[in-house]
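J.: model the following, please.
(2 chains)
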Amino acid sequence: KQEVTQIPAALSVPEGENLVLNCSFTDSAIYNLQWFRQDPGKGLTSLLLIQSSQREQTSGRLNASLDKSSGRSTLYIAASQPGDSATYLCAVMGGSNYKLTFGKGTLLTVNP
Amino acid sequence: DVKVTQSSRYLVKRTGEKVFLECVQDMDHENMFWYRQDPGLGLRLIYFSYDVKMKEKGDIPEGYSVSREKKERFSLILESASTNQTSMYLCASSFPGANTEAFFGQGTRLTVV
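T.: All right, here's what the predicted structure looks like:
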């Protein structure tokens, strides 16, 4: 059974800092990995999708990497801003039914 | 822009009531999903559907059923609501296949009293 772990569970940084969020998964037979952002009490917003054949994806200040063989992904946020404060979730898609399995998220707080 | 719309942001229901949560997507996605999200447990898949009138159980289907009569609409039904079904419910949709992005609705916060 696929298990997804996100470390750390919570992170607090000053504005302007570069930071890395980590995601690991136990079964490397995945189709893709997706990073989401969730604001309090809201739904999930898709940030980046990395296909299994890719090593990284970039969108603005966000860069996500994928090392499928070692079961790891990182989300790098450059020059963090208070508006980046949210919970960040990673999810892997795998199995015959293309199921998404989620980590429990990292709660990021960027202090002005 | 893809839009996944859940019919209610907040709902309060009484124990034993039959509850319907509605989800509509406008991108002609074949796949639709219902998750619940609880503190410390993360997102857990309740049911999913690959096509009209097709459904499959997820990880925690007990106490729930679903209906998909039209491609754009996927309903989650709590046959007899209980307090342990108080949760945030999230609907998602996607195209089929291995390299597709999932899109989520804004969530429904259900409280069963």
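J.: got the residue ranges for the strands in the chain?
T.: Just going to use chain A. Per DSSP state E, chain A carries strands over the ranges A:4-7, A:10-14, A:19-25, A:30-38, A:44-51, A:56-59, A:62-67, A:72-77, A:86-94, A:99-102, A:106-111.
J.: meant chain B actually
T.: Secondary structure of chain B (DSSP E): strands at B:4-6, B:10-13, B:19-25, B:31-38, B:42-49, B:56-57, B:64-70, B:73-78, B:87-94, B:103-104, B:108-112.
J.: turn those into TSV, including distance to A:S96 and mean pLDDT.
T.: In this view, the C-beta of every residue, glycine as well, is placed from N, C-alpha and C. Output for the strands of chain B, formatted as TSV (distance: least, Cβ to Cβ, whole Å; pLDDT from 0 to 100):
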stretch	distance to A:S96	mean pLDDT
strand B:4-6	24	96
strand B:10-13	34	97
strand B:19-25	23	97
strand B:31-38	14	95
strand B:42-49	13	94
strand B:56-57	11	94
strand B:64-70	20	96
strand B:73-78	21	97
strand B:87-94	16	95
strand B:103-104	22	94
strand B:108-112	29	97
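J.: okay, those strands in CSV with distance to chain A and mean neighbour count next?
T.: Shown next, in CSV, are these (distance: least, Cβ to the nearest Cβ, whole Å; neighbours: other Cβ atoms under 10 Å in any protein chain shown):
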stretch, distance to chain A, mean neighbour count
strand B:4-6, 8, 20
strand B:10-13, 9, 13
strand B:19-25, 11, 19
strand B:31-38, 7, 22
strand B:42-49, 4, 21
strand B:56-57, 7, 13
strand B:64-70, 15, 16
strand B:73-78, 15, 20
strand B:87-94, 6, 24
strand B:103-104, 4, 22
strand B:108-112, 7, 18
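J.: hang on, the earlier thing: which stretch in the strands of chain A has the least confidence?
T.: Least confident of the strands of chain A, judged by mean pLDDT, is strand A:99-102 with a mean of 90.
J.: neighbouring strands - and their directions - for that one?
T.: If you go by DSSP bridges, strand A:99-102 pairs up with strand A:86-94 (antiparallel).
J.: just give me how far the strand it pairs with sits from the chain centre.
T.: The chain centre lies 5 Å from the centre of strand A:86-94; the measure is Cα atoms, centre = their mean, to the nearest Å.
J.: contacts for it?
T.: Here strand A:86-94 makes contact (Cβ atoms under 8 Å, 6 or more residues apart in numbering or on different chains) with A:2, A:4, A:6, A:21, A:23, A:25, A:27, A:29-40, A:44, A:47, A:73, A:75, A:99-108, B:42-43, B:98, B:102.
J.: out of the strands of chain B, flag the one nearest A:S52.
T.: A:S52 lies closest, by Cβ to Cβ, to one member of those: strand B:87-94, at 15.9 Å.
J.: what packs against the closest one?
T.: Packing contacts for strand B:87-94, counted by 3 or more Cβ pairs under 8 Å, 6 or more residues apart in numbering or on different chains; DSSP states H and E, involve strand B:4-6, strand B:19-25, strand B:31-38, strand B:73-78, strand B:103-104, strand B:108-112.
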